[in-house]
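Participant: Here is my input, please return the structure:
(chains A, B, C and D)
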2 protein chains.
Amino acid sequence: MLDDRKASILRTVVEEYIHTAVPVGSGHVASAPGVAVSSATVRNDMATLESDGYLAQPHTSAGRIPTQAGYRYYVDNLAGRASLDRASAQQVRSFFDHTHGELERMLADTSRLLSGLTGTAAVITGPPQETAVVRSVQLVGLSPRVALLVIVLSNGAVEKTTVPLDGDAALAAEVDLMGAGAHLSEQLLGRHLDDLATVTAPSVDPSAGSPVPAVIAAVRASVAPDGDHVYIGGTDRVAGAFEAVETVRQVLGLLEQQLVVVTLLRDVLDRGLQVAIGSETGMAPLAECALVVAPYEVEGEPVGTVGVLGPTRMDYAQALAAVAVVSTRLGRRLTEG
Amino acid sequence: MLDDRKASILRTVVEEYIHTAVPVGSGHVASAPGVAVSSATVRNDMATLESDGYLAQPHTSAGRIPTQAGYRYYVDNLAGRASLDRASAQQVRSFFDHTHGELERMLADTSRLLSGLTGTAAVITGPPQETAVVRSVQLVGLSPRVALLVIVLSNGAVEKTTVPLDGDAALAAEVDLMGAGAHLSEQLLGRHLDDLATVTAPSVDPSAGSPVPAVIAAVRASVAPDGDHVYIGGTDRVAGAFEAVETVRQVLGLLEQQLVVVTLLRDVLDRGLQVAIGSETGMAPLAECALVVAPYEVEGEPVGTVGVLGPTRMDYAQALAAVAVVSTRLGRRLTEG
DNA sequence: GTGAGCACTCGGTAGGCTTGAGTGCCAGCC
DNA sequence: GGCTGGCACTCAAGCCTACCGAGTGCTCAC
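Facilitator: You can find the predicted model right below:
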């Protein structure tokens, strides 16, 4: 634990660095409100903070910048719980008052909203499949040789898979799609998607050319892969966030891998964190990034996460506030339906 | 029309610049195979090419770089119709042999494939709604106050809208969803999505609390907005493609606007272009970009487009080849189902 | 029309100098 | 003991200069 003055100094360094991106020197800190000692004293304390691992010097005779531990201490102990400014709060309110339509579109729009609030990229994961239950199963013929299996889950997600109908099945398909659909409905309604692998063919196969086996194969194939969707807004902000092009590239590359992003967010939440800084994210390309996350709840159940991904020198107070507001508003909106 | 030698010179400049990004001087051109004259002669021709608008000088005493017109001439008359190298061709083949599952996932994966082939961002638009016909309509209750309307189109797309059930409807919903669904099916099956606005309530409303009016309102609201989906892969490539961060930001920002991207691709194709360079795209942020597109067809009908978005100094031959191969393969794959 | 030669331009690089922000340390003061 | 002023030191950044080299346009001879 740091004494008051060192804490003030650390806070000043972090906040100054966050909004200038320039290493901050003892002079600046000494002249900041909240620090009432001379620059020499500040220097001494900064030397201590450095040897304690909270600050670092890019090179001798430059100011200090916060280390990962410095940011961590700042978020844990020093960052004021700011609330959103009036304009932003208003923006959020009116967004959720006016948004409508389909879940996916809404989540995508929400990610853009959040991105706009924080000036960073924003990430929203949709409800996970695992907890959802099958509400409806339908088999629709698209062409003589292709059918589409549409499964509606209780969380509002719609999973679909094309089902190729091979020779025999194709012939019989026209008549049998209904039957096959009914059979599947019977087997799947009310069950978890995870259980799909256990679907079986009807004990008495009504006809040799039934599409049921093909459908079952398709179901099995489609059940495993991730499934969880993720909506990312404000990727353009990434471009301005980092000095090195290579970093930008890596971050964008990571954001393209939906599965990775989903597990990243889940991991962070599972570890009970609101904020993950640098290596705490567990992803090498995010060494210079920080992630601020919050779950959102529908009817009391956490069903997804909203998050913000920016450079380590992001405005944590602002991000925390934005993420908090958006997650609760989003949850409320979804609960209301 | 340029004479042979000037054409060769232009070609050399373009190709050299494409893969070094450095202005190319008369010396380089003169020593290139295919140009058998001295650098002095090249200089004379280059001066002509410049005054004709095909080349430009970043500053006196630098080499020349192609102008937009230069690239255009190159693409139209000089770019050899390269085919993909063996490895890439193999990669495409095995991708389409092994890909499976759901349309959306497949298109997203395809965009990543294309991006990998060309080293640029890749864009794929899905089948447009307009031409599609409703194949199935289903109304599924999610909770007492929310239902989900799922519409399956003949092109395999699935459109969904949540339908809030207000007080009265909520009470009656349980029993009436089936009825309402049937009514909608009757009205919508086989019709274009565009026609949805004309849906009417049943002449004889079966009960006061029928959800039908709410559903109809939801349908009307959901029909207008874009709807067409677009899949973008390789956004990380954008980061490396341009010198200026600001350009990167603008391009990424544009790519986030799905509607804009869709219309962009459509526009280009409508104008009968395969390649749109710089201002030809009609989008200011793409002044330094080029777009290579090709439609893909399912059962002989063009249903979507695949495209590649890179800097004007991209490898057009490679991009054209990749786009061509991917579009035909994709079409074939989708036709087979 | 082609090519060798020449004078000229000008961006980029390298070295040297100065400036200024910043540091560490020390000695004195409260 | 803790704080401060002072001092010597470091080092990135900016600036100037010189120089090199790639490139050009032009001219003149073939």
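
Participant: Where does A:S136 fall, secondary structure wise?
Facilitator: A:S136 belongs to strand A:134-143 when elements are defined using DSSP states H and E.

Participant: Okay, now the sheet partners of that strand, with direction.
Facilitator: In the sheet, strand A:134-143 lines up against strand A:146-153 (antiparallel) (DSSP bridges).

Participant: What is the three-state secondary structure of the closest residue to DNA strand D within the stretch 101-250 of chain A?
Facilitator: Nearest residue of the stretch 101-250 of chain A to DNA strand D (CB to the nearest atom of the strand) works out as A:E243 at 11.1 Å. Any C-beta I mention is one placed from the backbone N, CA and C, and that applies to glycine too. Taking DSSP: H, G, I helix; E, B strand; the rest coil as the rule, one finds A:E243 in the coil state.

Participant: Spit out the contact partners of it.
Facilitator: Contacts for A:E243 (CB atoms under 8 Å, 6 or more residues apart in numbering or on different chains) come out as none.

Participant: Report the mean per-residue pLDDT for whichever strand or helix holds A:M178.
Facilitator: Assigned by DSSP H and E, A:M178 belongs to helix A:167-188. Taken as a whole, helix A:167-188 has a mean pLDDT of 65.

Participant: A:V326 and A:L114 touch, don't they?
Facilitator: Yes. With contact defined as CB atoms under 8 Å, A:V326 reaches A:L114; the gap is 5.1 Å.

Participant: Give the intersection of the neighbour lists for the two.
Facilitator: A:V306.

Participant: can I see the domain layout of chain A?
Facilitator: A:4-76, A:86-127+A:228-336, A:130-222 (automatic domain parsing).

Participant: and the longest one, how far out from the chain's middle?
Facilitator: This points to domain A:86-127+A:228-336. 5 Å (CA atoms, centre = their mean, to the nearest Å).

Participant: Just the terminal-to-terminal distance for that domain.
Facilitator: 25 Å (CA to CA, to the nearest Å).

Participant: Pull the number of nearby residues for A:Q274.
Facilitator: 19 (other CB atoms under 10 Å in any protein chain shown).

Participant: same deal with A:S61?
Facilitator: So A:S61, with other CB under 10 Å, has 7 neighbours.

Participant: three-state assignment of it?
Facilitator: From three-state DSSP, the assignment for A:S61 is coil.

Participant: If A:V306 is in a bridge, with which residues?
Facilitator: With DSSP bridges as the rule, A:V306 is bridged to A:I124, A:A294.

Participant: Now do it, the pLDDT please.
Facilitator: For A:V306, the model assigns a pLDDT of 96.

Participant: wait, isn't it in contact with A:L117?
Facilitator: No. Using CB under 8 Å, A:V306 is not in contact with A:L117, being 10.9 Å away.

Participant: what touches both of the two?
Facilitator: A:V326.

Participant: Give me the more crowded residue out of those two.
Facilitator: The residue with more neighbours, out of A:V306 and A:L117, is A:V306; 30 against 26, by other CB under 10 Å.

Participant: In the stretch 201-337 of chain A, where is pLDDT below threshold?
Facilitator: Filtered on pLDDT under 70, the stretch 201-337 of chain A yields the residue ranges A:201-215, A:217-227, A:337.

Participant: Okay, strands next: where are they in it?
Facilitator: Per DSSP state E, counting those that start in this stretch, the stretch 201-337 of chain A carries strands over the ranges A:230-233, A:275-277, A:289-298, A:301-311.

Participant: can you pull the contacts of the closest residue to A:G278 other than its chain neighbours?
Facilitator: Take A:G278 and drop its neighbours on the chain: the residue closest to it by CB to CB, 6 or more residues apart in numbering or on different chains is A:Q68, 4.3 Å away. Going by CB under 8 Å, 6+ apart, A:Q68 touches A:I277, A:G278, A:S279, A:E280, A:T312.
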